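S.K.: got a sequence here, can you build the structure:
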Amino acid sequence: MSAFDHDMDWIRMKSGDLSAFERLYRAHVQPMMRYGLKITDDPALVQDCIQDLFEETWKNRQHLSDTPYPKYYLLRALRNKLSKALSKQSFVRNGELNLAAGELLSGYVELEIVARETETHNRETLRHLLDELPRRQQEAIHLRFYHNVSYENIAEMMDMNYQSVLNLVQRALKALRKGFSVKAPRR
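M.R.: Reported below is the predicted structural model:
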């Protein structure tokens, strides 16, 4: 089944077509399961979240926006659902911590602060390096990695051939890697 067929099934599902909803489920449940298992190693949690997501999708179908990429919508929604479920589990576990382990907790907080500072620095460095790229490379990187647009669609949008887009993105990534290795903090 092509991506166009999934787009049409999404539109049909929104108007109440149960068979289109079933086709969407069958087409996407396995990729969603694989993706979910990259986020957590708890298959039962992933299955529950997928089930909940499809139930909510059907229940709220009339309020969903049209999307040219139902797969990406479903994967993003699954990621959000898993994040919420994992944070609830984490909250429960954290609530059960023994307060006598204060030293371990403060050490963890320090590590968390350092990790956040490093992440912030890395993001700023990446943002600066992206600004230094030529405009076409910036556009291709933005479309590919910030909007998950396929190389084929980028080629069409930027009026380029497929191989040229691949080359453009590879040159941009090479420049980013080189720049990042120079500007990244040494430890």
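
S.K.: now residue 31: how far from residue 39?
M.R.: According to Cβ to Cβ, to the nearest Å, residue 31 and residue 39 sit 13 Å apart. From N, CA and C alone the C-beta is placed, and that goes for glycine too.

S.K.: who has more neighbours out of these two?
M.R.: Taking neighbours as other Cβ atoms under 10 Å, residue 31 and residue 39 compare with residue 39 leading, 16 against 13.

S.K.: quick one: residues contacting that one.
M.R.: Neighbour list for residue 39: 46, 79, 82-83, 86 [criterion: Cβ atoms under 8 Å, 6 or more residues apart in numbering].

S.K.: I'd like the residues you listed as CSV, with neighbour count, secondary structure and pLDDT appended.
M.R.: Putting those into CSV (neighbours: other Cβ atoms under 10 Å; DSSP: H, G, I helix; E, B strand; the rest coil; pLDDT from 0 to 100) gives the following:
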residue, neighbour count, secondary structure, pLDDT
46, 23, helix, 93
79, 16, helix, 87
82, 21, helix, 87
83, 13, helix, 85
86, 15, helix, 84
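
S.K.: which of those residues sits closest to residue 175?
M.R.: Taking Cβ to Cβ as the measure, residue 79 is the one of the contacts of residue 39 closest to residue 175, at 28.9 Å.

S.K.: the closest residue to that closest one other than its chain neighbours and residue 46, how far apart?
M.R.: Excluding the flanking residues, the one nearest residue 79 by Cβ to Cβ, 6 or more residues apart in numbering is residue 39, at 6.6 Å. Residue 39 is 8 Å from residue 46, where distance means Cβ to Cβ.

S.K.: can you list residues touching both of the two?
M.R.: Shared contacts of residue 39 and residue 46, counting by Cβ under 8 Å, 6+ apart, come down to residue 82.

S.K.: coming back round to it: farthest-separated two in the contacts of residue 39?
M.R.: Within the contacts of residue 39, 46 and 83 form the most distant pair, 12.3 Å apart (Cβ to Cβ).

S.K.: in space, not sequence, find me the middle residue of the chain.
M.R.: The centroid of the chain falls nearest to residue 76 when counting by Cα atoms, centre = their mean (5.6 Å).

S.K.: so that residue is in which element?
M.R.: helix 70-95 (DSSP states H and E).

S.K.: in that helix, what's buried?
M.R.: Judged by neighbour count (16 or more other Cβ atoms under 10 Å), helix 70-95 contains these buried residues: 70-71, 73-75, 77-79, 81-82, 85.

S.K.: ok, those vs residue 35, which is closest?
M.R.: Distance to residue 35, by Cβ to Cβ, is smallest for residue 75 among these, at 5.5 Å.

S.K.: confidence score at the residue nearest to residue 79?
M.R.: On pLDDT, residue 39 comes in at 81.

S.K.: residue 177 now?
M.R.: pLDDT recorded at residue 177 is 89.

S.K.: and for the one 10 residues further on?
M.R.: Taken from the predicted model, the pLDDT recorded for residue 187 is 44.
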